[in-house]
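S.K.: Return a 3D structure for these sequence lines:
(one chain, ligands or ions: 1)
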Amino acid sequence: MVNHPFHALEDGPTGDYRGQPTFCCPCGSDLVVMVARFDPDTRLPGMYLLDGMCAACGALLTLPTEIDEMEDAT
Ligand SMILES: [Zn+2]
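M.R.: Numbers count the residues shown, from 1 in each chain. Modelled structure (predicted):
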């Protein structure tokens, strides 16, 4: 259970699992803290940094993209 997603930022990273894009932290949480810019037309994240942080345990993660899926298929 996460009280609020920003405690991970306050405490600093607890691990570094960057390198392989992932939807889920090794701790089992799939909730991430990410840095994004919103697209005013779609009102959705139009750009985000690939470095993210697990909102539950604070580990650094590499966030997934559409391109990852294409690379996995080849
Ligand atoms: Zn985690």
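S.K.: my read: residue 59 touches residue 18, true?
M.R.: No: Residue 59 is beyond contact range of residue 18, at 9.1 Å (criterion: C-beta atoms under 8 Å). For glycine as for every other residue, the C-beta is placed from the backbone atoms N, C-alpha and C.
S.K.: what's the helix or strand for the residue nearest the centre of the chain?
M.R.: Closest residue to the average C-alpha location of the chain: residue 52 at 3.6 Å, with C-alpha atoms, centre = their mean. In this assignment (DSSP states H and E), residue 52 forms part of strand 51-54.
S.K.: what about that strand and the ion, any contact?
M.R.: Yes: for strand 51-54 and the ion, the contact criterion (C-beta under 5 Å from the ion) is met by residue 54.
S.K.: who does that strand touch, helix- and strand-wise?
M.R.: When contacts are defined as 3 or more C-beta pairs under 8 Å, 6 or more residues apart in numbering; DSSP states H and E, strand 51-54 packs onto helix 7-11, strand 32-33, strand 60-62.
S.K.: got a list of contacts for that strand?
M.R.: 8-9, 13, 18, 25, 27, 29, 31-35, 59-63 (C-beta atoms under 8 Å, 6 or more residues apart in numbering).
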